[in-house]
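Trainee: only geometry, no sequence info:
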């Protein structure tokens, strides 16, 4: 998150996988469903003199810790209640800001990390926000840390796209050959497919990119964010290969699939018509 796969057409983030809108805090895709053994303990009250120092941007008054998804709140149960509530509110704020102000979202995610940096969901939130800001190196470090800490979120496409972002497309291709990649299905597999195709295009291997995007074959009847971006990426690759008539057809398919308006397929159709 996420030039969506070098030409995935999404207005944000700046590169190609997910990303499609993972949100620190509120979206179930933005943080692990389970992290580690989740050994909960009774919340320990802090003396007033031992309260954590306020760090990070102010949190809007309307943000409530209860807005955080239950899965992520479960990861905060090892913290005292006051700290957990502040972290939860920072994560909710990060999710609210991610689309319109990713830099501010990153500040909130970092504020949560400053209070509890050993929780997978928090490190993942920082990584996703950094990804949306185009800070590939920071995103890569944070997403890797989240995975080491036990994140079960599908982070492989994001990690591979960060490798592209820092100029290592061959590493993105290598990750796509891993056992972890073989376990992906549905949208998660399609996200990685777009990243790998983008990596091939980065290396000037556009025919290989086209082959990756059509294996398995594309179904133009599909709708939704991932399908729209997949069709858009395919159309862009066709255009790069000098096949504008076919590209126009797939931009039309992308526009039909794009019920949420995540691409600029309509504009591309106008340009090519």
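Mentor: All right, it came through fine. These numbers come from a predicted model, not from an experiment. Numbers count the residues shown, from 1 in each chain.

Trainee: Low-confidence stretches in the protein?
Mentor: 1-54 (pLDDT under 70).

Trainee: give me that answer again for 90
Mentor: The model of the chain has pLDDT under 90 over residues 1-56, 152, 273.

Trainee: Can you give the domain ranges for it?
Mentor: Using the TED database, the domain parsing of the chain gives 57-152, 154-213, 218-272.

Trainee: Just confirm residue 151 contacts residue 125, I think it does.
Mentor: No: contact criterion C-beta atoms under 8 Å: residue 151 and residue 125 do not qualify, at 10.7 Å. In short, each C-beta sits where N, CA and C put it, glycine included.

Trainee: hang on, the earlier thing: can you redo the domains of the chain as TSV with mean neighbour count?
Mentor: Converted to TSV, the domains of the chain look like this (neighbours: other C-beta atoms under 10 Å):
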stretch	mean neighbour count
domain 57-152	21
domain 154-213	21
domain 218-272	20
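
Trainee: check contacts around the residue lying closest to residue 173 once chain neighbours are set aside.
Mentor: Distance criterion C-beta to C-beta, 6 or more residues apart in numbering; nearest residue to residue 173, sequence neighbours excluded, is residue 199 at 5.2 Å. Counting by C-beta atoms under 8 Å, 6 or more residues apart in numbering, residue 199 makes contact with 160, 163-164, 169-170, 172-173.

Trainee: In which helix or strand does residue 199 reside?
Mentor: Secondary structure from DSSP states H and E places residue 199 in helix 186-202.

Trainee: need the helices for the stretch 151-273 of the chain, in chain order.
Mentor: 156-165, 169-175, 179-182, 186-202, 206-213, 225-240, 244-257, 265-272 (DSSP state H, counting those that start in this stretch).

Trainee: what packs against the last one?
Mentor: Packed against helix 265-272, as judged by 3 or more C-beta pairs under 8 Å, 6 or more residues apart in numbering; DSSP states H and E, are the following elements: helix 225-240, helix 244-257.

Trainee: Recalculate using a threshold of 6 Å.
Mentor: Packed against helix 265-272 by the contact rule (3 or more C-beta pairs under 6 Å, 6 or more residues apart in numbering; DSSP states H and E) you find helix 244-257.

Trainee: how far is the helix it packs on from where the chain is centred?
Mentor: When C-alpha coordinates are averaged (C-alpha atoms, centre = their mean, to the nearest Å), helix 244-257 and its chain have centres 25 Å apart.

Trainee: Out of the helices of the stretch 151-273 of the chain, flag the one nearest residue 137.
Mentor: Closest approach to residue 137 among the helices of the stretch 151-273 of the chain is made by helix 156-165 (7.7 Å; C-beta to C-beta).

Trainee: how far does that closest one sit from the chain's center?
Mentor: With C-alpha atoms, centre = their mean, you get 10 Å for helix 156-165.

Trainee: Next, the angle helix 186-202 makes with that helix.
Mentor: For helix 156-165 against helix 186-202, the angle by axes from the mean of the first three to the mean of the last three C-alpha atoms, to 10 degrees is 10 degrees.

Trainee: So which elements touch helix 156-165?
Mentor: Applying 3+ C-beta pairs under 6 Å, 6+ apart, one finds that helix 156-165 contacts helix 136-148, helix 169-175, helix 186-202.
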